[in-house]
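A.B. asks: sequence isn't available, so here's the structure alone:
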């Protein structure tokens, strides 16, 4: 500890001392009578009791700096209450469906970047199951009890919400079409701020507690990184975004735990909040072009394409049964089948900013639609022009379209992803 800063034992006495207070009167010349305590004055006993006294004084100092720790329990209750409200409204408590999570404010680029930026914050309070909620709330309570005392109520709020939003923004920049939910980005921010505070202000912590705090923090980081690497679907981008934001906020807010700490908190909170608002606001305003909601688009594909195929096959059965002429079949294809089919194909062709991992799927759908469309046009030409070779080309194209459709149906998950809901990544 440097000579310029008071020790934790002195800080407690100096904290909040009124300016101009009268000096402490000198001790009486004759000390009061004290009954002897055998062994209390031994050097060994004093050595054993010194670390404990230092820790107690440090805890008292924290309580003086932040008398009421109300932010951590309030955030915990808000998260639990929000999830309870979701359950009361019909959300599955163990495995919520993605459309339900989107309805309650999950983070999803096609929605967030298209006029719903509030999802950057609301997603921090949405969780993908009771286990997900319990793990995040346990982590919040574990780190929040001490960090809120260190940086104060307002500083803790700044770290939590700035890191939570930073995690949401990082998730959208990295995962273009993933639904992301959870408070882990905010919690990683708290861990990052705590790590920075310990690193910057080792002289403010009792030596007896510092080693244990470092060990606990390292274990917490290690467990989270191990879980993120071993469990598929964890939103590591949100964790990293929250962590970086927390490291920066912790660096800005950390200061010696002395009598000047409380007086300087307002200025530090103001600077940290302004920097966080400016940085996150810039990232939000400069966001990449939003991808299309492919799962909504593919719902339309799944609704129209099978209907047109069924209508055509039913007409072919009638032709074979002599209940419909080829001319009537051609008229049906030209007026009732090709127009909606071409509309769907052109709509998918015009989709922009398709996420890289979805491009192969869209390309396969486009190929199937185009080949099927070409086969119908060849059939029309063959019948109207009485050209047998055109009819043979039609049959070849039809078989090719069937093969492409079969490949789409047989493609394994998660590459297929043709269900009307996107992937979910807890954070």
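C.D. replies: Arrived safely. These figures come from a predicted structure and were not determined experimentally.
A.B. asks: how about the helices in the stretch 51-200 of the chain?
C.D. replies: With helices called from DSSP state H, counting those that start in this stretch, the stretch 51-200 of the chain shows them at 71-88, 98-103, 109-112, 119-122, 130-174, 184-200.
A.B. asks: just say which of these is most tucked in.
C.D. replies: Counting by mean count of other Cβ atoms under 10 Å, helix 184-200 has the highest mean neighbour count of the helices of the stretch 51-200 of the chain, with a mean of 25. Backbone N, C-alpha and C define where each C-beta goes, glycine included.
A.B. asks: elements contacting the next helix or strand after that one?
C.D. replies: Tracing the chain C-terminally past helix 184-200 and defining elements by DSSP states H and E, one meets helix 207-230 next. Under the contact definition 3 or more Cβ pairs under 8 Å, 6 or more residues apart in numbering; DSSP states H and E, helix 207-230 sits against helix 43-65, helix 130-174, helix 184-200, helix 236-253.
A.B. asks: do you know which of the ones you listed lies nearest residue 403?
C.D. replies: Closest to residue 403 of these, according to Cβ to Cβ: helix 130-174, at 35.5 Å.
A.B. asks: need the per-residue pLDDT for residue 82.
C.D. replies: Note for residue 82: predicted pLDDT of 96.
A.B. asks: that one against residue 124, yeah?
C.D. replies: No: if you go by Cβ atoms under 8 Å, residue 82 and residue 124 don't touch, sitting 9.8 Å apart.
A.B. asks: whatever helix or strand residue 382 lives in packs against which elements?
C.D. replies: In this structure, residue 382 is located in helix 359-385 according to DSSP H and E. Packing partners of helix 359-385 (3+ Cβ pairs under 8 Å, 6+ apart): helix 294-320, helix 326-332, helix 338-349, helix 388-410.
A.B. asks: can you pull the buried residues of that helix?
C.D. replies: When neighbours are counted by 16 or more other Cβ atoms under 10 Å, the buried residues of helix 359-385 are found to be 361-362, 364-365, 368-383.
A.B. asks: can you put the helices and strands packed on helix 359-385 in JSON lines and add mean neighbour count and mean pLDDT?
C.D. replies: What follows is the helices and strands packed on helix 359-385, written out as JSON lines (neighbours: other Cβ atoms under 10 Å; pLDDT from 0 to 100):
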{"stretch": "helix 294-320", "mean neighbour count": "15", "mean pLDDT": "85"}
{"stretch": "helix 326-332", "mean neighbour count": "15", "mean pLDDT": "88"}
{"stretch": "helix 338-349", "mean neighbour count": "15", "mean pLDDT": "91"}
{"stretch": "helix 388-410", "mean neighbour count": "14", "mean pLDDT": "81"}
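A.B. asks: for residue 185, what are its contacts?
C.D. replies: Residues in contact with residue 185 (Cβ atoms under 8 Å, 6 or more residues apart in numbering) are 124, 163-168, 170-171, 235, 238-239, 241-242, 427.
A.B. asks: residue 210 too?
C.D. replies: Contacts here follow Cβ under 8 Å, 6+ apart; on that basis residue 210 touches 198, 202.
A.B. asks: with the one 3 residues further on instead?
C.D. replies: Residues in contact with residue 213, defined by Cβ under 8 Å, 6+ apart, are 146, 198, 205.
A.B. asks: closest to residue 61 among the residues you listed?
C.D. replies: Out of the contacts of residue 213, the one with the shortest distance to residue 61 is residue 205. That distance is 10.7 Å, counting by Cβ to Cβ.
A.B. asks: neighbours of the closest one, just the number please.
C.D. replies: Using other Cβ atoms under 10 Å as the criterion, residue 205 is surrounded by 21 other residues.
A.B. asks: quick check: it vs residue 59, distance?
C.D. replies: 11 Å (Cβ to Cβ, to the nearest Å).
A.B. asks: residue 245 now?
C.D. replies: With the distance defined as Cβ to Cβ, residue 245 ends up 28 Å from residue 59.
A.B. asks: which of those two has more neighbours?
C.D. replies: Regarding residue 245 and residue 59, a neighbour count based on other Cβ under 10 Å identifies residue 245 as having more, with 29 against 16.
A.B. asks: quick one, domains of the chain?
C.D. replies: Partitioning the chain according to automatic domain parsing yields domains covering residues 65-285, 294-421.
A.B. asks: which regions of the stretch 51-200 of the chain lie under the pLDDT threshold?
C.D. replies: 51-52 (pLDDT under 70).
A.B. asks: one more time with 80, if that's ok
C.D. replies: With pLDDT under 80 as the threshold, the stretch 51-200 of the chain has low-confidence stretches at 51-61, 176, 200.
A.B. asks: about what we covered before: out of the helices and strands packed on helix 207-230, nearest to residue 285?
C.D. replies: helix 130-174 (10.9 Å).
A.B. asks: how far away from the center of its chain is that closest one?
C.D. replies: Using Cα atoms, centre = their mean, to the nearest Å, we find the averaged C-alpha position of helix 130-174 to lie 11 Å away from the chain's own average C-alpha position.
A.B. asks: angle of it against helix 71-88?
C.D. replies: Note on geometry: by axes from the mean of the first three to the mean of the last three Cα atoms, to 10 degrees, helix 130-174 and helix 71-88 are set 100 degrees apart in direction.
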